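A.B. asks: with the input below, show me the fold.
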Amino acid sequence: MPIRKQTIRGLRAPARRWLLRALVPCLLLTWAVDGMGQGLPDDPKAAPTAIQPKPAPVPAPEEVEPPDAPHPGEKGFVPMTPRDRAHLFFKDFVLSPNTYLEGGISAVAGFSVGEPEGWPRTTDGMFRRIGTQTALLMMEEGGRQAADAAFGLEPRYFRCRCTGLLPRTAYAIKMTFFTFNGEGHLRPDIPRLAADYGSSMIVTRWYPGKYAPLDQGVRMGHTQVGIDVALDIFREFSPELKRTFHVGRKKSKPVERTEELGAR
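C.D. replies: Now for the predicted structure:
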C-alpha cells in the first residue's frame, strides 16, 4: 500500500512521541552503565624524581577478540574492569551505527508485512516501529551487559581454537547459550537469554491489545535468539569474510627509487 501523505504539522507530535520512547531507555541505560565506572579508587600518585617515559596506550577491549587472544583462565588474559565494560557498551553498541542499522532494518521488515497488526502502514506507523525496535535493542543489550557485570561473566566473544567449518559453526552456536566466567569456566549465558525474552515481552506492552507478553512476546524472544546465533556465526568467521571481501586492507605504497634520485 502506498504511504499516505501527511503534513509536517500532523507528523511532528507522533514522531516526537515515539522517538522519545526510544531515547528514554537509551539515556537510562547510559546513566546506569556509566555508574558502574564511578566510585573506583584512584591510584596514589608518587612525586616523580625524574622524567618518566610516557607509557604506550592500552588498547580498549573489543566485542570480538582476535583468534590468538588468550581465553579467560589462560596465561596473559586480562579481565575486564567496570570502566572497560562501560567503554565496551558505549563504543560497540551505543555509538555503533550497526545498532541503529539493525533497528531500522527490523522496522522496515515489520512495516513491509504490516507487523504489528493495528499500527498503520504510514509515516507515523514507521516512526512507531523505529522507536520500538531501538528501545528493544537498548533494553536487550543494556540489560545483558549489566547482568554480565553483576555475575562476573564475559560479554566478549572469543573465537574457537579449532579448525574446520562444522566444528567452528558448532562452537559459535554453543557460545550463543554459554559464556566464560573470570576463571575460564563455561557457564550458561542466562543474562543473554533473559535479556532476549525479557525485552521482547516488555515491548509487547506498547503493541495493540491483542499482543500478549507470554504469547507474542515469547515468540519474539525466539526470533532474537535466532538472530544471536547468526551474529555469533558471523563473528566466528569474520576474519575470513574480511579477507574475502578485502575489508580493511590498506593499499601498498610504491617503493621510492632512492638510488636513481640520488644519482640525478
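A.B. asks: give me the buried positions along whatever helix or strand residue 172 lives in.
C.D. replies: Element membership of residue 172, judged by DSSP states H and E, is helix 165-177. For helix 165-177, burial by neighbour count (16 or more other CB atoms under 10 Å) applies to 168, 169, 171, 172, 175, 176, 177. No exception for glycine: its C-beta is placed from N, CA and C like everyone else's.
A.B. asks: can you pick out the most distant pair from those?
C.D. replies: Greatest spatial distance among the buried residues of helix 165-177 (CB to CB): 168 and 177, at 16.2 Å.
A.B. asks: count the residues that sit near residue 152.
C.D. replies: Residue 152: 13 surrounding residues under other CB atoms under 10 Å.
A.B. asks: now do it against residue 85, distance only.
C.D. replies: For residue 152, the distance to residue 85 equals 11 Å [CB to CB, to the nearest Å].
A.B. asks: please apply the same query to residue 206.
C.D. replies: Taking CB to CB, one finds residue 206 at 29 Å from residue 85.
A.B. asks: who has more neighbours, these two?
C.D. replies: residue 85 (21 against 16).
A.B. asks: quick check, the more buried one in contact with residue 149.
C.D. replies: Yes: taking contacts as CB atoms under 8 Å, residue 85 lies within contact range of residue 149: 5.2 Å.
A.B. asks: the helix holding residue 172 packs against which elements?
C.D. replies: Counting by 3 or more CB pairs under 8 Å, 6 or more residues apart in numbering; DSSP states H and E, the packing neighbours recorded for helix 165-177 are helix 190-203, helix 218-244.
A.B. asks: which residues touch it?
C.D. replies: The contact list for helix 165-177, computed with CB atoms under 8 Å, 6 or more residues apart in numbering, reads 157-158, 160, 162, 188-189, 192-193, 225, 228-229, 232-233, 235-237.
A.B. asks: give me that answer again for 10 Å
C.D. replies: With contacts defined as CB atoms under 10 Å, 6 or more residues apart in numbering, helix 165-177 is touched by 157-162, 164, 178, 186, 188-190, 192-193, 196, 225-237, 240.
A.B. asks: can you name the next helix or strand after it?
C.D. replies: Assigned by DSSP H and E, the successor of helix 165-177 is strand 178-180.
A.B. asks: same for that following strand, what does it pack against?
C.D. replies: Secondary-structure packing of strand 178-180 (3 or more CB pairs under 10 Å, 6 or more residues apart in numbering; DSSP states H and E): strand 186-188, helix 190-203.
A.B. asks: for the first one, packing partners?
C.D. replies: What it means is strand 186-188. Packing contacts for strand 186-188, counted by 3+ CB pairs under 10 Å, 6+ apart, involve helix 165-177, strand 178-180.
A.B. asks: one more: the longest one?
C.D. replies: Secondary structure elements in contact with helix 190-203, counted by 3+ CB pairs under 10 Å, 6+ apart, are helix 123-151, helix 165-177, strand 178-180, helix 218-244.
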